[in-house]
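Undergrad: next come a sequence and a model predicted from it.
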Amino acid sequence: MVSEAPPYRPQSVCFVDQLSLVAVNSAAATARRFLRLSLAKWQAGCLEDDAFLVTSELVTNAVAATGVLGGQPTWDGLKGLGLVTVRLIGLPDSVVIEVWDVSEEEPALRHDTAPEDESGRGLLLVHRCAKRWGVYRVTGGKVVWAELAVGPVPPPPPLPKRQRQRQWSERPLVVPGPTTDPDLLRLLLAGLQARL
């Protein structure tokens, strides 16, 4: 499963967005908000559900591998602050989600989880949602990636049919046009007073 390079060629990249997060329990929720904004900006919202699931699983695993920062860290504890980085890469027909962490240990896909197990199914979900996924090593850690295929964008719904304008039985009253602005204002005032 470990490869030596990213799953794409740099010349095929259409867009990239990246966010570094502190390794805390709320990192996955923050990554999902980042993902929603990026996909909206790229008009790729059709991937949102699968991308949320994949990102949540990869970030949760990365936070666990990096080491979760405690709830009340001391100043000395902040020196060893662990970070995870989420990067979204748009390709012509897919989106790649990459999550970097400081651990060099390769994640393991488990097929032997029981229904009552509270963990162990994350990579299985990634495996089922992604077109392909894998791991590559970088200096100081690893990157786990998943590629989601972009399907054809459905056409927009048709515009509503225009209603035919009502035909008036009466012909509009034709008033000779005023010759100056004060004449127009007087005519407008007379019309308004006649309605009151």
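TA: Perfect, thanks for sending it. Residues are numbered from 1 along each chain as shown.
Undergrad: now do stretch 13-28: distance to the chain's middle.
TA: Stretch 13-28 has its C-alpha centroid displaced from the chain centroid by 11 Å (CA atoms, centre = their mean, to the nearest Å).
Undergrad: average pLDDT across stretch 108-118?
TA: Averaged over stretch 108-118, pLDDT sits at 61.
Undergrad: go on, stretch 55-64?
TA: For stretch 55-64, the per-residue pLDDT averages 91.
Undergrad: how many residues are close by residue 151?
TA: Counted with other CB atoms under 10 Å, residues neighbouring residue 151 total 10. C-beta coordinates here come from the backbone N, C-alpha and C atoms, glycine included.
Undergrad: now do it, the pLDDT please.
TA: At residue 151, pLDDT is 71.
Undergrad: right, and it touches residue 93 too?
TA: No: applying CB atoms under 8 Å, one finds residue 151 not in contact with residue 93, separated by 9.1 Å.
Undergrad: residue 28: neighbour count?
TA: Neighbour count of residue 28, defined by other CB under 10 Å: 21.
Undergrad: check which helix or strand it maps to.
TA: For residue 28, the host element (DSSP states H and E) is helix 27-41.
Undergrad: then residue 19?
TA: Going by DSSP H and E, residue 19 is in strand 15-22.
Undergrad: residue contacts, the closest residue to residue 129 other than its chain neighbours?
TA: Residue nearest to residue 129 in three dimensions, not counting chain neighbours: residue 50, with 4.6 Å by CB to CB, 6 or more residues apart in numbering. Residues counted as contacts of residue 50 (CB atoms under 8 Å, 6 or more residues apart in numbering) are 129, 130, 148.
Undergrad: the first one contacts residue 55, doesn't it?
TA: No: here residue 129 does not reach residue 55: they are 10.4 Å apart, not a contact under CB under 8 Å.
Undergrad: out of those two, which sits in the more crowded spot?
TA: residue 55 (22 against 18).
Undergrad: the longest helix belonging to the chain: which residues count as buried?
TA: With secondary structure taken from DSSP state H, the chain has its longest helix at helix 48-66. Neighbour counts over helix 48-66 (16 or more other CB atoms under 10 Å) mark 50-66 as buried.
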